[in-house]
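Student: Here is a sequence with its predicted model. Questions after.
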Amino acid sequence: MSRGAATLGVLVLLSGCTTVGRYEPKHFAEWRIAAEKKLDGRALVLTTPEEDAYVWSGRPTGFVGSAITLTIPFGVLARESATRVFGDLFTGGAAASNEPSHVSDYRAVISPRVIAFQHRYTWSSLFTQSSEFSLSARVSLLDAHGAARFEKTYDSGRLEVPGREDLPAAESLVRAVHIAIQDLMLQAAADVRAELVRSTPAPAGPTAGSP
């Protein structure tokens with residue numbers, strides 16, 4: 001590492017601060033579920049006020065930027081990414097609510113939660129920081145009584161975020177987190193679809209003597 005990069009690294013380490021990540025719908029990708037994969041009915045994304053208010057706060061695991069605290073509103077991100085994806089899966093869309101009433105009006109009740117996250121920064125060039133992160137989300141398909149009929153944890157694996165000269169590394173990372181959560185919800189949507197199709201009784205065939 002050059003003297004300039006080393007000096008910058010020391011300054012970053014000595015200047016403790018907090019970078020506040022925010023939910024931005026425009027950061028999601030324009031991915032669409034194929035028409036033949038869609039299901040009839042509506043979905044409900046059911047969360048609690050406490051889950052919606054969950055904001056992760058922590059420092060990177062590596063040396064670079066170790067004095068900087070990052071916050072990410074994972075409660076809102078989980079709810080909104082699930083509403084976006086499951087709203088696309090079902091022809092009737094999806095609603096988000098903290099109230100478990102009227103669950104019988106929906107074909108699927110979904111409970112999404114981000115359960116793990118870590119990140120680190122690296123130097124991709126003399127004055128540009130890149131980053132990498134991993135996250136896990138648990139998605140549950142609930143029955144009418146609020147019990148999980150299907151539940152699975154989805155892991156992003158380690159994802160790299162290239163450095164940009166026009167954008168701070170933390171902001172680039174938060175943008176990438178939006179897409180990563182959306183991808184996990186798409187994986188969950190495929191599994192929920194398979195579970196619903198598997199558990200839906202097949203149409204009755206014609207009875208004897210039917211025309």
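Tutor: Good, I have the coordinates. Numbering: from 1, shown residues only.
Student: which stretches of the chain have low pLDDT?
Tutor: For the chain, applying pLDDT under 70 flags the ranges 1-16, 125-126, 201-211.
Student: So which elements touch the helix ranked longest in the chain?
Tutor: For the chain, the helix that runs over the most residues, judged by DSSP state H, is helix 169-199. In this structure, helix 169-199 packs against strand 68-72, helix 74-89, strand 108-123, strand 129-142, strand 148-155, strand 159-161, with contacts taken as 3 or more Cβ pairs under 8 Å, 6 or more residues apart in numbering; DSSP states H and E. The C-beta positions use only the backbone N, C-alpha and C, and glycine is treated the same way.
Student: in the shortest one, what counts as buried?
Tutor: Okay, so that is strand 159-161. 159, 161 (16 or more other Cβ atoms under 10 Å).
Student: Sheet-wise, list the partners of it with their directions.
Tutor: strand 129-142 (antiparallel) (DSSP bridges).
Student: Can you give me the buried ones in the partner strand?
Tutor: Result for strand 129-142 [16+ other Cβ under 10 Å]: buried residues 129-133, 135-142.
Student: Closest to residue 195 out of these?
Tutor: residue 141 (6.2 Å; Cβ to Cβ).
Student: Show me what that closest one is bridged to.
Tutor: residue 110, residue 150.
Student: ok, back up a step: what separates the longest helix of the chain from the chain centre, distance-wise?
Tutor: 5 Å (Cα atoms, centre = their mean, to the nearest Å).
Student: what sits against the residue nearest the centre of the chain?
Tutor: Centroid check for the chain by Cα atoms, centre = their mean gives residue 181 as the closest residue, at 2.2 Å. For residue 181, the contact set (Cβ atoms under 8 Å, 6 or more residues apart in numbering) comprises 77-78, 81, 114, 135, 137.
Student: tell me the two of the residues you listed that are most distant?
Tutor: Farthest pair in the contacts of residue 181, by Cβ to Cβ: 81 and 135, 11.4 Å.
Student: Need the residues touching each of those two.
Tutor: Shared contacts of residue 81 and residue 135, counting by Cβ under 8 Å, 6+ apart, come down to 181, 184.
Student: end-to-end on stretch 28-36?
Tutor: The straight-line separation of the ends of stretch 28-36 (Cα to Cα, to the nearest Å) is 23 Å.
Student: Contacts for it, please.
Tutor: 81, 84-85, 88-89, 178-179, 182, 186, 189.
Student: of those, closest to residue 41?
Tutor: For these, the nearest to residue 41 is residue 89 (9.8 Å; Cβ to Cβ).
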